[in-house]
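1. next come a sequence and a model predicted from it.
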There are 2 protein chains.
Amino acid sequence: SRSGSFKKPPPIAHYNLNNVTTTPHPAENRENVLILTPMTRFYQEYWDNLLRLSYPHELITLGFILPKTKEGNQATAALQKQVTKTQKYGPEKDRFKSIIILRQDFDPPLASQAEAERHKLENQKIRRAAMAKARNSLLFTTLGPLTSWVLWLDADVIETPPTLIQDLARTNESIIVPNCFQRFWNPEKNAMDERPYDFNNWQDSDTALEMAKKMGPDDILLEGYKELPTYRTLMAYLYDPAKYRFETIPLDGVGGTTLLVKAAVHRDGAMFPAFPFYHLIETEGFAKMAKRLGWQPVGMPHYKVGYATVARA
Amino acid sequence: SRSGSFKKPPPIAHYNLNNVTTTPHPAENRENVLILTPMTRFYQEYWDNLLRLSYPHELITLGFILPKTKEGNQATAALQKQVTKTQKYGPEKDRFKSIIILRQDFDPPLASQAEAERHKLENQKIRRAAMAKARNSLLFTTLGPLTSWVLWLDADVIETPPTLIQDLARTNESIIVPNCFQRFWNPEKNAMDERPYDFNNWQDSDTALEMAKKMGPDDILLEGYKELPTYRTLMAYLYDPAKYRFETIPLDGVGGTTLLVKAAVHRDGAMFPAFPFYHLIETEGFAKMAKRLGWQPVGMPHYKVGYATVARA
Ligand SMILES: Nc1nc2c(ncn2[C@@H]2O[C@H](COP(=O)(O)OP(=O)(O)O)[C@@H](O)[C@H]2O)c(=O)[nH]1
Ligand SMILES: Nc1nc2c(ncn2[C@@H]2O[C@H](COP(=O)(O)OP(=O)(O)O)[C@@H](O)[C@H]2O)c(=O)[nH]1
Ligand SMILES: [Mn+2]
Ligand SMILES: [Mn+2]
């Protein structure tokens, strides 16, 4: 009988992972992109930049994870407002396929998110372990069987070329990071200036490998600290506006500021270790894990993206 | 205007991971369970056993991954037939919340799945790396924001108590394995008999740890091979029908035959390494990774589940 209490049969879904392509022309091939952002602060410029992405929005799913702190509540409210504005009242072409907002179930380890506090060497291990768990929670619960690409985009990335996704995918690589810069007021020049920001994109050095060998099993090697010189080749310093913008170089460590990854890499199991993995954690540990799984990360030293202006102590 | 081409706004979803509980009384608390099965062969007894689970089926999502081989195609067809029968025509109470069937995008490494061939020591590393990737693909694409528990159940597990999920969760542990036995015809006794099956559930030994120390970085330590005695304590041999059925013991390695895991463990990043991780891979590597993330696996030596009768060479 079609009437009465007989419920409709529950969904049965079939997916052939072979058909989920990842090509250098993802827009033309209608490939689904999942943009994932762990977020403690909401920047309006971040959202405006997202809206400017020329990748077909109907192929983009957004996923966010925010902590259950006062700061996280504020950011959630601000994000929610823009989400509603775009998805409900914005022009059709601005609207994304779907949006998932997660509130995390563990507390961030540090009370203060002030930049000076955030970067203190001794705080980094705990902080980055928490970040790794936030990224994993987000990844494990939002990646779907039809996702082709995952774009990791930090909440403070406010300036990317609108063709970001297409440009990174064009390289035909599986794990790709552009070079992230931060605008700031330079009192010496008495003008706005920019400086390299992401020191997690690097090529290994013999020194760093030797240091790692001598470390205790749970020690980690962090980049960008005077106390711990590694002599790694930092992509941040390789930028050259005269060079080919689409040049790629192999990397051994990557940052998560702006990071495009084939979903297949994550499906193989590559995640963000919250524990020391070859003396690396979080996004740097992810790069190492991906390499162990046979995927080579690359960087684009001459392709720039812009980071929010935050005073650094 | 409500007419014409104006599409309905795309979905916006909020999830508070705090509200996804995992309690010793999951059925009473309406907790969602995701049952995940990598499958090369379809056993009717496996499906019949699933149907007998007393955990409310409307809280259970099933996820399968099958290889794109001739054997995989046959298993998919057989599975598909039963899925349709249950979900479309079966009694309301038998129907599961939803079912996801994935076909994997890489080839299994070995042509023959005959048991003798499968268990050869030299084949195990490649085989288990492929298994790990299949498990990760399944896990990463099916785990949702509302999943409380993941039950890993191999396709050849054909006999469990109907209260399996409730019984394992009752322990109040985060990673729980029962003891898996295989029924077989014993020519000596001229009768049906049973023997321990899963040798991946173990407690570490000093010998094994010493062996691991002397190994090359990419070597793995496998259990259940005469060529490689580890003197680990194997849960398989601890079964005692006189003892308390709900007793738990801490484990350092686990098998995936029947394995209940809090979704939070996976969300933290615990997956199945396809590369040597502390000289362990796949489910044994998972146990080690979970421990690194602060979660302690336990076994229930006196709680039995039954494995399909397959002739062993
Ligand atoms: N959900 C969540 N997001 C976080 C947490 N800590 C940082 N983030 C976000 O993760 C990204 C990187 O963190 P950030 O503090 O900018 O790190 P930095 O760029 O290395 O200084 C940013 O998008 C932050 O908003 C956390 O504890 N939970
Ligand atoms: N998708 C997929 N499943 C597999 C593959 N190999 C084995 N399986 C399944 O994974 C589980 C464990 O494999 P099995 O061969 O039984 O391993 P054993 O119990 O260690 O001998 C079973 O459910 C198999 O059906 C594979 O290559 N791909
Ligand atoms: Mn940042
Ligand atoms: Mn088996």
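-> Good, I have the coordinates. Ligands and ions are numbered 1, 2, ... in the order given.
2. what parts of the stretch 101-250 of chain A come near ligand 3?
-> By Cβ under 5 Å from the ion, the residues of the stretch 101-250 of chain A that approach ligand 3 are A:Asp154, A:Asp156. Every C-beta, even on glycine, is put in place using the N, C-alpha and C of the backbone.
3. B:Glu247 versus A:Pro109, what's the distance?
-> Using Cβ to Cβ, to the nearest Å, A:Pro109 is found at 36 Å from B:Glu247.
4. any idea which helix is longest in chain A?
-> Here the longest helix in chain A is taken by residue count, with DSSP state H as the criterion, and it is helix A:121-142.
5. what packs against that helix?
-> In terms of contact count using 3 or more Cβ pairs under 8 Å, 6 or more residues apart in numbering or on different chains; DSSP states H and E, helix A:121-142 is assigned the packing partners strand A:32-38, strand A:60-66, strand A:98-103, helix A:282-292, helix B:121-142, helix B:263-267.
6. of all the ones you listed, which one comes closest to ligand 4?
-> Nearest to ligand 4, of all the helices and strands packed on helix A:121-142, is helix B:121-142, at 9.6 Å by Cβ to the ion.
7. tell me the helix or strand right after the closest one.
-> Proceeding N to C from helix B:121-142, the next assigned helix or strand is strand B:147-153, under DSSP states H and E.
8. who's in contact with that following strand?
-> Where contact means Cβ atoms under 8 Å, 6 or more residues apart in numbering or on different chains, the residues beyond strand B:147-153 that reach it are A:141, B:20-22, B:26, B:31-37, B:50, B:61, B:135, B:139, B:143, B:164-165, B:168-169, B:256-263, B:266, B:283.
9. in its sheet, what does that strand sit against?
-> Taking DSSP bridges as the criterion, strand B:147-153 pairs within the sheet with strand B:32-38 (parallel), strand B:258-262 (antiparallel).
10. show me what the following helix or strand past that strand is packed against.
-> Proceeding C-terminally, strand B:147-153 gives way to strand B:157-159 as the next helix or strand, assigned by DSSP H and E. Here strand B:157-159 is seen to pack against helix B:44-52, strand B:297-307 when contacts are counted using 3+ Cβ pairs under 8 Å, 6+ apart.
11. let me know which of those is tucked in deepest.
-> Counting by mean count of other Cβ atoms under 10 Å in any protein chain shown, strand B:297-307 has the highest mean neighbour count of the helices and strands packed on strand B:157-159, with a mean of 23.
12. is ligand 2 within reach of it?
-> No: Strand B:297-307 does not reach ligand 2 (Cβ under 6 Å from any ligand atom); its nearest approach is 7.7 Å.
13. over to the nearest residue to A:Thr23 once chain neighbours are set aside. Which of the three states is it?
-> Leaving aside its sequence neighbours, A:Thr23 sits nearest to A:Asn29 (Cβ to Cβ, 6 or more residues apart in numbering or on different chains; 5.0 Å). Counting by DSSP: H, G, I helix; E, B strand; the rest coil, the backbone at A:Asn29 sits in coil.
14. I'd say A:Asn29 and A:Val20 touch.
-> No: with contact defined as Cβ atoms under 8 Å, A:Asn29 and A:Val20 do not form a contacting pair (10.5 Å).
15. these two: who's more crowded?
-> More neighbours surround A:Val20 than the other of A:Asn29 and A:Val20, with 21 against 13 (other Cβ atoms under 10 Å in any protein chain shown).
16. could you give the number of residues near the closest residue to the more buried one other than its chain neighbours?
-> Residue nearest to A:Val20 in three dimensions, not counting chain neighbours: A:Ser148, with 5.5 Å by Cβ to Cβ, 6+ apart. Neighbours of A:Ser148 under the rule other Cβ under 10 Å: 20.
17. A:Gln296 too?
-> Using other Cβ under 10 Å, the number of residues around A:Gln296 comes to 14.
18. that one contacts A:Ser174, doesn't it?
-> Yes: here A:Gln296 reaches A:Ser174: they are 7.2 Å apart, a contact under Cβ under 8 Å.
19. identify the contacts common to the two.
-> Overlap between the contact sets of A:Gln296 and A:Ser174, as judged by Cβ under 8 Å, 6+ apart, is given by A:Ala290.
20. out of the strands paired with strand B:147-153, deepest packed?
-> Note that of the strands paired with strand B:147-153, strand B:258-262 is the most buried (mean count of other Cβ under 10 Å), with a mean of 25.
21. CA atoms of it as CSV?
-> These are the backbone C-alpha positions of strand B:258-262, laid out as CSV (Å, rounded to 0.1, in the frame of the first residue of the first chain):
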residue,chain,number,x,y,z
THR,B,258,35.4,-7.3,14.9
LEU,B,259,36.5,-4.0,16.4
LEU,B,260,34.3,-1.3,18.0
VAL,B,261,35.8,2.2,18.1
LYS,B,262,34.5,5.5,19.4
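22. what about that strand, distance to the chain center?
-> When C-alpha coordinates are averaged (Cα atoms, centre = their mean, to the nearest Å), strand B:258-262 and its chain have centres 7 Å apart.
23. would you list the phi and psi of the nearest residue to A:Glu71 once chain neighbours are set aside?
-> On the basis of Cβ to Cβ, 6+ apart, the spatially nearest residue to A:Glu71 that is not a chain neighbour turns out to be A:Thr40, at 5.7 Å. For A:Thr40, the backbone dihedrals are phi -110, psi -30 (criterion: degrees, to the nearest 10).
24. distance of A:Ser54 from A:Thr40?
-> Between A:Ser54 and A:Thr40 the computed distance is 28 Å (Cβ to Cβ).
25. which one's more surrounded, these two?
-> In terms of neighbours (other Cβ under 10 Å), A:Thr40 is the more surrounded of A:Ser54 and A:Thr40; the figures are 19 against 12.
26. near ligand 1, which residues of chain A?
-> Residues of chain A lying close to ligand 1 by Cβ under 6 Å from any ligand atom are A:37-41, A:65-67, A:104, A:108, A:118, A:130-131, A:134, A:154-156.
27. let's see that with 8 Å instead.
-> For chain A, the contact set with ligand 1 under Cβ under 8 Å from any ligand atom comprises A:37-41, A:65-67, A:72, A:75, A:104, A:108-109, A:113, A:115, A:118-119, A:127-128, A:130-131, A:134-135, A:138, A:154-157, A:197-198, A:200, A:255-257, A:307.
28. of those residues, buried ones?
-> Using 16 or more other Cβ atoms under 10 Å in any protein chain shown as the burial test, the residues of chain A next to ligand 1 include A:37-41, A:65-67, A:72, A:75, A:104, A:108, A:127-128, A:130-131, A:134-135, A:138, A:154-157, A:197-198, A:200, A:255-257, A:307 as buried.
29. give me the pLDDT value at A:Asn201.
-> For A:Asn201, the model assigns a pLDDT of 97.
30. so what's it up against?
-> When contacts are counted by Cβ under 8 Å, 6+ apart, A:Asn201 is found next to A:Val177, A:Asn179, A:Leu234, A:Met235, A:Ala236, A:Leu251, A:Gly253, A:Val254, A:Gly255, A:Gly299.
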